[in-house]
Structure formats: structure tokens, C-alpha cells
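Okay, sequence plus prediction incoming.
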Number of protein chains: 2
Amino acid sequence: MTPTDPQQASSKAALTRAAILRAAGEFFEENPFRDLTVGGLMRQTGLSRATFYLYFNDLHGLLETLLEGVKGGIVEGAHKWLSNEGESIATLQDSLRALVDVGHTHGAILRAVSDGAPTDARLENVWQSFLASFDEVVSARIAQDQAKGLTPEFDPLPVARTLNRMDAAILIHAFGSPQKKEKEEVLTALLRIWLSTLYPFDAKAALQKESP
Amino acid sequence: MTPTDPQQASSKAALTRAAILRAAGEFFEENPFRDLTVGGLMRQTGLSRATFYLYFNDLHGLLETLLEGVKGGIVEGAHKWLSNEGESIATLQDSLRALVDVGHTHGAILRAVSDGAPTDARLENVWQSFLASFDEVVSARIAQDQAKGLTPEFDPLPVARTLNRMDAAILIHAFGSPQKKEKEEVLTALLRIWLSTLYPFDAKAALQKESP
DNA sequence: AGTTTTACTGACACCATGTCAGAAAAAGTT
DNA sequence: AACTTTTTCTGACATGGTGTCAGTAAAACT
């Protein structure tokens, strides 16, 4: 019924919808969200401006859809450490590397969402909830390592929140604009901070591999 | 000549300008930037909408002015640690506490600026430059402590950038909306992360005072 | 009281948005 | 193929906030 149904087959509608999303994605590789207009976007697709509103409520709705696409990759990348199987330090390293990878490839979209969120209550809520969803799981993981004596005792939730906001902020800053920073530089800094904070007893050895 | 001159005496113009700024500040205590309109703001002051444009180029220009006002407090608060006099850990604690204080009292304005930045190239530049200005000084401070052997060796600039973005993000998140978080909770988390990262050899003692 | 400077305002044109009635194209039916 | 229905698309409109400008009102000065 509703043409915005994601599980639509490759009907004409689904193709059109995908074309709009693709045009937006390309736009964000080179331009900030504030320069996107419905008219400009649809000119890129060859369709009329009104057509846009058949597929999305507004530009913020489109961002919501784009974020959905990135979400999976991030959750999957973080899974290794969060799943609590395997050695803590090594899996945290893996998960952070995966996070940086996703941030690097989808930086433009993350920036667009983050930029667009403040101008729309609904998108802002989606974005904040997205970020907050990691707070709880990270906090839980920290609590487990505290129980094992790997991590010092402290209230895990505020630290998890702070580290997560840090990740989001630095990824968007480093990879959100066309001049992307080096992946390694970003990862090294994140690793140092996360490991020092969560595994201060054993982090030294793991971190020295980075800067001998 | 220009009525936007900050050093104007208490002429009528200066009073009007101040009234507009005050109204905006009050507005942000309760509402997000996206809900601010020139009309609504000026209705609050009793003046006409057109008058606004005698004092500011647009709403983003107003935000720029508000940020100026907060800037001083932040720089001053951070000065203690950055000035590189006195014991490292203790002064970092002081500076972070001062930062959290400023964030707590001016959280609404910081959030408004951060929210408004993505919709205006000029303000975005001001905001990013503001954040970046701390990267260099923090990085320099880290380098000095590395020379003293207090801080492990690593490339200080990326770590400084990451920690600074973290500060901004968490302050805005914690104190930017009417339901502010507890200052102590925020400070404790920041302290743990900063100290663990920069002073891993001595941080333990300092941090245990927080959670015995 | 009259003049000049300062402070303010109503009215206008502009631009992107979101909607809606209806056109065009595709798919289905006989 | 003709015609019917469903899907997809569009031109034209009303709305709302913006920034400007010519001109008014108030204050300060003489």
C-alpha cells in the first residue's frame, strides 16, 4: 500500500525511491546538508519536485532512511567486543577498528544526519536514540569487565555515554567532510583513550605496539 | 558608527541590543534553536521584527555574539592546566571542574550554537574554529608532560582533538536541554577518561578518591 | 521651536516548502 | 487491439519565514 514500504519488490516505485536516495548520498559526498533542497535533489534525478513527497515526508525523513542503512554496519562492527566473547582488549581493538571503517565509508551520511538532526524534532530523536542505544550496551560490557577485575570500579553508564559521544563526534569531524583525515590517526587516538580508560592495567603493552 | 559595535556606551542602541540577546538567552533555556524565529524573538522584546536586522545579520549572527560571551569563561577556566604551572593532575582536575561549571551554566547557549552551526557556513566556521583552538593548546600541554615523562609517548594532536570533541559533545548533551544532568556525574566521567589517558601512571590514586 | 541624528517600523518581494487535483504511463482485462 | 484500472508522476497553489527599504517617530542638539 504505502510506497515507502522498504520491502517493496523492484517495482518502478522502489527504483525511483532508490534513485532519490542515491542522488542524496552522492550529494552529501560533496555538499553539506544545508545546501540540499528538494528541488535541487530532484533535478538530479530528472523527476519533478512533487515526486519527492511521494517517497519521503521531507528531507529529514530521507536522512532517517539513510541512517537506517548505516546502522546495521555499525552494530555489526561493534558486536565483537559487545558480545563479550573473546579477549577484552583484542576484541575492543577489533570493534574500534570496525567502527572507524564504517565511519570512514559512511562519514558523509553520518555528518548529514548529525547536521540535520537539530532542525527536526523527529530526526533529532532518532539520532539521539541511536547514540543512546550504544550507551546501555557499552555500559553493560564495562560492568562485566569490572566484575572480572579487568576494569577499575566506577559508574559505567556516564563513562560509556561520554566515550560514545566522543566516538560519534570525532568520526563525523574526521570523516564527515570531503577532506577526510587518515583512518589510522583516528583509530590510534580512539584506541589509546578507550584502552587507557577501560583496561589501564594491561593497556600499556597493547598500546606500545602502536608507537614503539 | 555601526550599532553592532560592542564597545558602545549605554546608548539606546546598546540597551536594545542587550535586550534582544537577553530574550534569546531566555528562549534557549526552554526551547531549541529550530523554534526560534526573528518574529517570535522580537515579539518578546516588544519591538518590531525589522529592528532585529539593525543589530544582527540574522539569527546565526546572534548566536555568534552569544558564543563570544561564553568563550571567555571557558578559556579562563581551562587556563590553570594549560598554563603549565603547578602539579599536572591537580590542575587538570581543576580545569575540568571549571569546564563542567561553565558548561552547566551556559549549556543552553552552547547547544544553540552547536545546533545552529550546521545551517550556516559562517557560524559553522566560527564554531569549528572555536573547538579547534583548544586542540593546539591541549596538544602542546600534552607534549610538555610527555617530555617530563608524566604522559606516555604518542602523537598528541589527534588525542587532544578527540578529547576536546568529547568534552564539547558531552557538555552539550548533559547540559544543553532543560533537564540537565548532574554536574558531578559528568565531571567524574571526564576526569576518569582524561586522567587515565594522560596520566596513567599516577591517575589511579587520584581517581580512587572519587569511588572508594 | 527647529534641525539633525538616532532608533524604529510597515509593507514588499523572495524562496523553499508541502499539498492536491488531475495528467500520464504501466499493467491488467476482455 | 481497445478499454479499464492501478500506479506513478506533475503543474499550480497557498503558506510561512526571511531580509530589505523607504519612510516615520523619537531623542538629542542648537
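In hand now; what should we look at? Numbers count the residues shown, from 1 in each chain, chains lettered A, B, ... in the order given.

drop to CA atoms for contacts and neighbour counts, all remaining ones
Will do.

Give me the distance from stretch A:52-71 to the chain's centre.
Between the centre of stretch A:52-71 and the centre of its chain there are 16 Å (C-alpha atoms, centre = their mean, to the nearest Å).

Now do the buried residues in it.
Going by neighbour count (16 or more other C-alpha atoms under 10 Å in any protein chain shown), the buried part of stretch A:52-71 is A:Phe52, A:Tyr55, A:Phe56, A:Leu59, A:His60, A:Leu62, A:Leu63, A:Glu64, A:Leu66, A:Leu67, A:Val70.

what sits against the fifth one?
Right, A:His60. A:Gly116, A:Ala117, A:Asp120, A:Leu123 (C-alpha atoms under 8 Å, 6 or more residues apart in numbering or on different chains).

one step back: nearest to DNA strand C, of the buried residues of stretch A:52-71?
A:Leu59 (6.1 Å; C-alpha to the nearest atom of the strand).

pretty sure the closest one is touching A:Val38, no?
Yes: if you go by C-alpha atoms under 8 Å, A:Leu59 and A:Val38 touch, sitting 7.1 Å apart.

Among the buried residues of stretch A:52-71, which ones are in helices?
Applying DSSP state H to the buried residues of stretch A:52-71, the entries found in helices are A:Phe52, A:Tyr55, A:Leu59, A:His60, A:Leu62, A:Leu63, A:Glu64, A:Leu66, A:Leu67, A:Val70.

Surely the first one is in contact with A:Gly40?
I take that to be A:Phe52. No: assessed by C-alpha under 8 Å, A:Phe52 is found out of contact with A:Gly40, at 11.0 Å.

And stretch A:45-64, how far out from the chain middle?
So, by C-alpha atoms, centre = their mean, the centroid of stretch A:45-64 is 23 Å from its chain's centroid.

nope, stretch A:98-116 is what I meant
5 Å.

close to DNA strand C, is it?
No: shown here: stretch A:98-116 not in contact with DNA strand C (C-alpha under 7 Å from any atom of the strand), separated by at least 11.8 Å.

What segments of chain A are helices?
A:12-30, A:38-45, A:49-55, A:59-82, A:88-116, A:121-147, A:156-175, A:183-198, A:203-208.

What's the mean pLDDT across the last one?
Okay, so that is helix A:203-208. For helix A:203-208, the mean per-residue pLDDT is 76.

dump the residue contacts of the closest residue in space to A:Glu182 that isn't next to it in sequence.
Closest residue to A:Glu182 apart from its sequence neighbours, by C-alpha to C-alpha, 6 or more residues apart in numbering or on different chains: A:Ala174 at 8.0 Å. Applying C-alpha under 8 Å, 6+ apart, we find A:Ala174 in contact with A:Lys180, A:Lys181, A:Glu182, A:Val186.

Redo those as CSV? Include pLDDT.
Conversion of the contacts of A:Ala174 to CSV gives the following (pLDDT from 0 to 100):
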residue, pLDDT
A:Lys180, 98
A:Lys181, 98
A:Glu182, 98
A:Val186, 98
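
which of these lies closest to B:Tyr199?
The nearest member of the contacts of A:Ala174 to B:Tyr199, counting by C-alpha to C-alpha, is A:Val186 at 20.4 Å.

thought the closest one was touching A:Val100?
Yes: with contact defined as C-alpha under 8 Å, A:Val186 reaches A:Val100; the gap is 7.5 Å.

Show me which of these two is the more surrounded one.
A:Val100 (25 against 22; other C-alpha atoms under 10 Å in any protein chain shown).

close enough to count as contact, the more buried one and A:Lys183?
Yes: A:Val100 is within contact range of A:Lys183, at 6.8 Å (criterion: C-alpha under 8 Å).

Now do the same contact list for the residue of chain A found nearest chain B.
Per C-alpha to the nearest C-alpha, A:Met166 is where chain A lies closest to chain B, at 4.1 Å. By C-alpha under 8 Å, 6+ apart, the contact list for A:Met166 reads B:Thr162, B:Leu163, B:Arg165, B:Met166, B:Asp167, B:Ala169, B:Ile170.

pLDDT and distance to B:Phe201 for the residues you listed - can I get that in TSV?
Below are those laid out as TSV (pLDDT from 0 to 100; distance: C-alpha to C-alpha, whole Å):
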residue	pLDDT	distance to B:Phe201
B:Thr162	99	21
B:Leu163	99	19
B:Arg165	98	24
B:Met166	99	22
B:Asp167	98	23
B:Ala169	98	27
B:Ile170	98	26
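
Spell out which residues of chain A are next to DNA strand C.
So chain A meets DNA strand C at A:Leu36, A:Thr37, A:Val38, A:Gly39, A:Arg49, A:Ala50, A:Tyr53, A:Asn57, A:Asp58, A:Leu59 (C-alpha under 7 Å from any atom of the strand).

and if we set it to 10 Å?
A:10-12, A:34-42, A:48-54, A:56-61, A:120 (C-alpha under 10 Å from any atom of the strand).

Great, nothing more from me.
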